[in-house]
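S.K.: Can you look at this prediction? I've put the sequence above it.
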Number of protein chains: 2
Amino acid sequence: MSKVEVYVTYKKSILDPQGQAITAATQKLGYAEIKDIRVGKYFEIEVDATAEESVSKVEEIAEKLLANPNMETYKVEVVD
Amino acid sequence: MSKVEVYVTYKKSILDPQGQAITAATQKLGYAEIKDIRVGKYFEIEVDATAEESVSKVEEIAEKLLANPNMETYKVEVVD
């Protein structure tokens, strides 16, 4: 059993209005040191396979189901 | 300038219907080795402060703004 994490974020070239809204909220709360917040999705996946097989399966799933490859990028990491 | 990442997930005791729906979708696509998917939120934050100050500021913000401490837990990590 492997545990794999996937992080999906908008590509740098894509505007992130939710992130901008949260950044603005931090400024209103007085956190002037916060310069930028970008929002993404995070998936914890349990896979019944070796670490190597898990990564290749999860990359397929990320491409098909978890991310929109036109607008988003993703990163896959094995935790254990 | 520090870069800090925040991961927000539902507590283990809280049902995650979106994660269950995605898990079911992977089964329909034929990925029988996928046992469980839990969904969370992911924030990349740029802070104009030292790593140590950044973590304490971001923990405050996570508590107030990014997570609902009744239902969610969060994890803060300095990237650089």
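M.R.: Here it is on my side, so go on.

S.K.: where does the residue lying closest to A:M71 once chain neighbours are set aside land in three-state SS?
M.R.: Spatially, and ignoring its direct neighbours in sequence, A:M71 is nearest to A:I14 (5.2 Å; CB to CB, 6 or more residues apart in numbering or on different chains). The way it works is simple: take the backbone N, C-alpha and C, and place the C-beta from them, glycine included. When classified by DSSP: H, G, I helix; E, B strand; the rest coil, A:I14 comes out as coil.

S.K.: How about the residues of chain A by chain B?
M.R.: Contact residues, chain A versus chain B (CB under 8 Å from any CB of the partner chain): A:1, A:7-9, A:19, A:22, A:25-26, A:29, A:31, A:33-49, A:53-54, A:57, A:60-61, A:64-66.

S.K.: mind redoing it with 6 Å?
M.R.: Within chain A, the positions near chain B by CB under 6 Å from any CB of the partner chain are A:7, A:25-26, A:33-40, A:42-49, A:61, A:65.

S.K.: quick revisit: what does the residue nearest to A:M71 show for phi and psi?
M.R.: For A:I14, the backbone dihedrals (degrees, to the nearest 10) come out as phi -100, psi 130.

S.K.: ok, it touching A:E72?
M.R.: No. Counting by CB atoms under 6 Å, A:I14 stays clear of A:E72, with 7.8 Å between them.

S.K.: Tell me which of those two has more neighbours.
M.R.: A:E72 (16 against 13; other CB atoms under 10 Å in any protein chain shown).

S.K.: Look up the closest residue to that one, ignoring the ones flanking it.
M.R.: That would be A:V8: by CB to CB, 6+ apart, it lies 5.3 Å from A:E72.
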